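Asker: Sequence and predicted structure, then a few things I'm wondering about:
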Amino acid sequence: MSNSTVSGNTTSHYLAATINVQSEIAKKVISENIPNKEIIYICGVDVAYRNNIAYCSAVLMNKNSMEVKESVNITLSVKHPYVPSFFMLRESEAIINILKPLKNRFDLLLIDGHGVLHPRRCGLASYIGVIIDSPTIGVAKSILCGSVNADHFIDVDGVISGFKMIKEKKKPIYISVGHKINLVNAIRIVKQLVKPEERIPEPLRLADIYSKALANSVP
DNA sequence: GCGACAG
DNA sequence: ATCTTGTCGC
C-alpha cells in the first residue's frame, strides 16, 4: 500500500485522497448569512464512543426560549480511526444519519469540531454544511491550527478563520464558520446559546450529556 | 528533521 | 473521545 505524509502522520493513500476532497469542499464553503432570515431553531449534535460503537445525539432548541423542541439518538459502528485534520471521516456519518429521524426542521446546525479553522479550511462543520447544504457553525474545545491575535481572532494562512471565546475562569472554546453564515454572526449566536454558568452552547452541551448517557446505558 | 495535532 | 485514583482548590 502506498503511503504519504500528512502533517507528520504516515497515512494510507485514501487519506491523501481525502485531502483533495477537503480542498474541493472548501471551495464551496460560503461565509455569508444564507438564507438571510432570522435563525430560531438550532440543532446541536455530539457523538460518544464506546467499544468502536458511535452513540449520537441531536438536540433541537428554540434559540429565543431556550426550550428543547426535539431530541433524537442513533447508534452505529465506527468505520474510521481518529486522525487530526481528518476528523470528518470518523464523525460525519453519524451526524448525517441522525438528522434523518428529526421531525422538526432547523435553521442552523451546531457541530462539535472546527469549520474553516482547519489546515485546508474543511473541518467537520464545513464538510457537513456543504454536504447537507445548510448553515453550520463549528464549536471546538481546543485549537487545531492558526495563531490567535490580540483581539482573539485566529489567523490561518493570512486569513481570519476563527475566534477564541473566553469566559472567565473557564477553558476557551473555538468558533468558526461552518457554512452559510459569517464569523461575526456565528460568534453572536454561540454567545447567546451559552448559559451564564456554562462554557458550551446549550444544544451541544445537552447533546454531549445525552450521547454519553446513551453510550453508558448499554452493558 | 522536530514538534503540534478537532474528537 | 475513552480509560481511570487520588488529589488539589473553592
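Answerer: Okay, I see it.
Asker: Quickly note the distance from A:S31 to DNA strand C.
Answerer: Per CB to the nearest atom of the strand, to the nearest Å, A:S31 is found 26 Å from DNA strand C. Every C-beta, even on glycine, is put in place using the N, C-alpha and C of the backbone.
Asker: got a list of what that residue touches?
Answerer: A:116, A:177, A:181-183 (CB atoms under 8 Å, 6 or more residues apart in numbering).
Asker: Can you give me the distance of the nearest residue to A:R205 once chain neighbours are set aside to DNA strand C?
Answerer: Nearest residue to A:R205, sequence neighbours excluded (CB to CB, 6 or more residues apart in numbering): A:E198, at 6.1 Å. Per CB to the nearest atom of the strand, A:E198 is found 15 Å from DNA strand C.
Asker: What of A:I173?
Answerer: 11 Å.
Asker: what sits opposite that residue in the beta ladder?
Answerer: For A:I173, the beta-bridge partners are A:M165 (DSSP bridges).
Asker: Could I get the pLDDT score of it?
Answerer: For A:I173, the model assigns a pLDDT of 96.
Asker: burial of it, as a residue count?
Answerer: If you count neighbours by other CB atoms under 10 Å, A:I173 ends up with 21.
Asker: May I have the residues that are in contact with whatever residue of chain A ends up closest to DNA strand C?
Answerer: Here the residue of chain A nearest DNA strand C is A:A48; by CB to the nearest atom of the strand that distance is 3.2 Å. Shown in contact with A:A48 (CB under 8 Å, 6+ apart): A:54-57, A:208, A:211-212, A:214-215.
Asker: At which residues are the helices of chain A located?
Answerer: For chain A, the helices defined by DSSP state H occupy A:13-28, A:87-98, A:124-132, A:183-193, A:202-216.
Asker: before we move on, back to that, of all the contacts of A:S31, which comes closest to A:V148?
Answerer: A:L183 (14.1 Å; CB to CB).
Asker: who touches the closest one in this structure?
Answerer: So A:L183 contacts A:31, A:160-163, A:175-177 (CB under 8 Å, 6+ apart).
Asker: hmm, 7 Å instead?
Answerer: A:L183 sits next to A:31, A:163, A:177 when contact means CB atoms under 7 Å, 6 or more residues apart in numbering.
Asker: Next step: those residues restricted to strands.
Answerer: Among the contacts of A:L183, the members found in strands (DSSP state E) are A:163, A:177.
Asker: Near DNA strand C, which residues of chain A are found?
Answerer: Where chain A comes near DNA strand C, counting by CB under 7 Å from any atom of the strand, the residues are A:48-50, A:82, A:141, A:211-212, A:215.
Asker: count of residues packed around the closest residue to A:C122 other than its chain neighbours?
Answerer: Nearest residue to A:C122, sequence neighbours excluded (CB to CB, 6+ apart): A:Q22, at 3.7 Å. By other CB under 10 Å, the residues close to A:Q22 number 21.
Asker: returning to that earlier point: check the residue nearest to A:R205 and give its pLDDT.
Answerer: pLDDT for A:E198: 93.
Asker: Would you confirm that it contacts A:D208?
Answerer: No - using CB atoms under 7 Å, A:E198 is not in contact with A:D208; the gap is 11.2 Å.
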